[in-house]
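Student: Sharing a model that was predicted from the sequence below.
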Amino acid sequence: MQKDELIQLHTFLYQIRSQLEQICEHNGCNYNSYEKLEITPYQIHKSKREHKLAVFTLSKDIAGILSNNNGDPGLEKIVNRLDQITMRFMTQKEKEDHRL
């Protein structure tokens, strides 16, 4: 996938997560792992690896929001798998920050 396509996907997932957070705001949804990355779709100067990490993190957050609202155990497996994939794209410093 090219970097510009990855940024478009990043933007799309960011918008989906924002909408889902507004919908379930009253249910106590709080996913701040994406904010810890300190990258937005608008930061096109960031590396392809960073945008890929953001895409997987957003995907994990979206699956987590849906899992909490639906109680579907299949979605929880997806969240766990996306977390494993996300860890592969993290640098050592990002992994340490992720654990905090």
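Tutor: Now that the structure is in, tell me what you want to look at.
Student: Please report how far the residue nearest to the spatial centre of the chain lies from Q43.
Tutor: In the chain, the residue lying closest to the centroid (Cα atoms, centre = their mean) is L58, at 1.8 Å. Distance, L58 to Q43, by Cβ to Cβ, to the nearest Å: 14 Å. In this view, the C-beta of every residue, glycine as well, is placed from N, C-alpha and C.
Student: what's the answer for F56, then?
Tutor: Distance from F56 to Q43, by Cβ to Cβ: 17 Å.
Student: same deal with Q15?
Tutor: 16 Å.
Student: buried ones in stretch 13-28?
Tutor: L13, Y14, R17, L20, E21 (16 or more other Cβ atoms under 10 Å).
Student: for the record, mean pLDDT for it?
Tutor: Per-residue pLDDT over stretch 13-28 has a mean of 81.
Student: For that stretch, list the C-alpha coordinates in CSV.
Tutor: Taking C-alpha atoms only, stretch 13-28 is exported to CSV below (Å, rounded to 0.1, in the frame of the first residue of the first chain):
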residue,chain,number,x,y,z
LEU,A,13,-10.6,5.2,10.4
TYR,A,14,-10.1,8.4,12.4
GLN,A,15,-13.5,9.7,11.3
ILE,A,16,-15.2,6.4,12.1
ARG,A,17,-13.7,6.2,15.6
SER,A,18,-14.7,9.9,16.3
GLN,A,19,-18.3,9.1,15.3
LEU,A,20,-18.4,5.9,17.4
GLU,A,21,-17.0,7.8,20.4
GLN,A,22,-19.7,10.4,20.1
ILE,A,23,-22.4,7.7,19.9
CYS,A,24,-21.2,5.8,22.9
GLU,A,25,-19.9,8.8,24.9
HIS,A,26,-22.4,8.1,27.7
ASN,A,27,-21.2,4.4,28.0
GLY,A,28,-17.8,5.4,29.3
